[in-house]
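# what's the 3D shape of this:
(2 chains)
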Amino acid sequence: MVTEGVQSGDSISYNPLKKQDMMNKSSKNFSGYLTEALNAVNSRQVEADELMRDFALGQNQNLHDVILAAEKADLSLQFTLQMRNKIVDAYQEIMRMQI
Amino acid sequence: MFYDVMDTAGSGLTAQRLRMDIISSNIANAETTRTDEGEPYRRQKPVFAVKNTNLKDFSLPSAFSESLDNISKGVRVAEIRRDPGPFDLVYEPGHPDADEEGYVRMPNVEIVNEMVDMISASRSYEANVSVIENSKQLARQVINIGR
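Sure thing, here's the model as predicted:
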């Protein structure tokens, strides 16, 4: 059995990511992601709200649709809150850094 | 994702609720001798079918996408079929719908069968609710990891 050693250079190439590449890859910045996520949560809340109103008006007969929409909205909100806590924690950690 | 589980189990809830509706109609009409078709009420029964959605629409990890292609995403009611079975003949000469010999055709609804069906429907409904509760609990536990 012939094993070949790892040849330097050609088989494994090391490409460090340049700053320019990273900027191109994620054209969206952080606040863009956050806004998008918040909009998604908001649309779930609005959907749950509309279903609740329809049910109260007697236009929707399926109670579980309403409950499920409310539950989804609640889970999304919990997830967003958790994300916000993490981000604020990270920010405070950086602000506490000794200079 | 957890929301997919909720949608799938939610379709089960919708289907079982509709089954409940049909059972209640069967029980309510167990003595009905007149319908628009000119014959006694026929027992109705829902026919369930799988609901397939194109999973390519969902953002799934590529490792799972092939095996998940054939998964159904819930249940739907394909049709509501009428039971073609024979009507009960009851001797009741005073009945307005009795024929010349005094026999009345009664609906082919068997109350006992409907009761058993009702228990089955409510148990299925409870099972779907359990699925939703469980997936909700899992999602909460995942969120609590970060806490």
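
# What residues does chain B have near chain A?
Neighbours of chain A within chain B, by C-beta under 8 Å from any C-beta of the partner chain: B:2-3, B:6-7, B:10, B:13-14, B:17, B:132, B:136, B:139-140, B:143, B:146-147. Where you see a C-beta, it was placed from the backbone N, CA and C, and this is true even at glycine.

# Could you list which of those residues belong to helices?
B:2-3, B:6-7, B:10, B:13-14, B:17, B:132, B:136, B:139-140, B:143 (DSSP state H).

# Give me the buried subset of those.
B:Phe2, B:Tyr3, B:Met6, B:Asp7, B:Gly10, B:Leu13, B:Thr14, B:Arg17, B:Ile132, B:Lys136, B:Ala139, B:Ile143 (16 or more other C-beta atoms under 10 Å in any protein chain shown).

# quick one: which of those residues is nearest A:Asp65?
Using C-beta to C-beta, B:Gly10 is the member of these that lies nearest A:Asp65, at 6.7 Å.

# Apart from its neighbours in sequence, what residue is nearest the closest one?
A:Leu68 (5.1 Å; C-beta to C-beta, 6 or more residues apart in numbering or on different chains).

# tell me the mean pLDDT for whichever strand or helix holds the one you found?
In the assignment (DSSP states H and E), A:Leu68 maps to helix A:63-95. Helix A:63-95 carries an average pLDDT of 90.

# And it, what does it pack against?
If you count contacts as 3 or more C-beta pairs under 8 Å, 6 or more residues apart in numbering or on different chains; DSSP states H and E, helix A:63-95 packs onto helix A:30-56, helix B:2-28, helix B:111-145.

# low-scoring stretches of chain B, by residue?
Along chain B, segments meeting pLDDT under 70 span B:1, B:53-72.

# ok so, going back, give me the distance between the helix holding A:Leu68 and the centre of its chain.
10 Å (C-alpha atoms, centre = their mean, to the nearest Å).

# so how far is B:Gln44 from the residue in chain B positioned nearest to chain A?
Nearest residue of chain B to chain A, counting by C-beta to the nearest C-beta: B:Leu13, 4.4 Å away. In this structure, B:Leu13 and B:Gln44 are 20 Å apart, going by C-beta to C-beta, to the nearest Å.

# quick one: contacts for B:Arg19?
B:Pro46, B:Asp117, B:Ala121, B:Ser124 (C-beta atoms under 8 Å, 6 or more residues apart in numbering or on different chains).

# one more time with 10 Å, if that's ok
When contacts are counted by C-beta atoms under 10 Å, 6 or more residues apart in numbering or on different chains, B:Arg19 touches B:Lys45, B:Pro46, B:Phe48, B:Val77, B:Ile80, B:Asp117, B:Met118, B:Ser120, B:Ala121, B:Ser122, B:Ser124, B:Tyr125.

# Give me the buried entries from these.
Burial by neighbour count, judged by 16+ other C-beta under 10 Å, picks out B:Pro46, B:Val77, B:Asp117, B:Met118, B:Ala121, B:Ser124, B:Tyr125 from the contacts of B:Arg19.

# Tell me the secondary structure of A:Gly58, please.
coil (DSSP: H, G, I helix; E, B strand; the rest coil).

# what's the neighbour count on it?
A:Gly58: 7 surrounding residues under other C-beta atoms under 10 Å in any protein chain shown.

# Also A:Leu34?
A:Leu34 has 14 neighbouring residues, counting by other C-beta under 10 Å.

# That one and B:Thr32: what is the separation?
61 Å.

# go on, B:Val5?
Computed as C-beta to C-beta, the B:Val5 to B:Thr32 distance reads 41 Å.

# Thanks a lot, see you next time.
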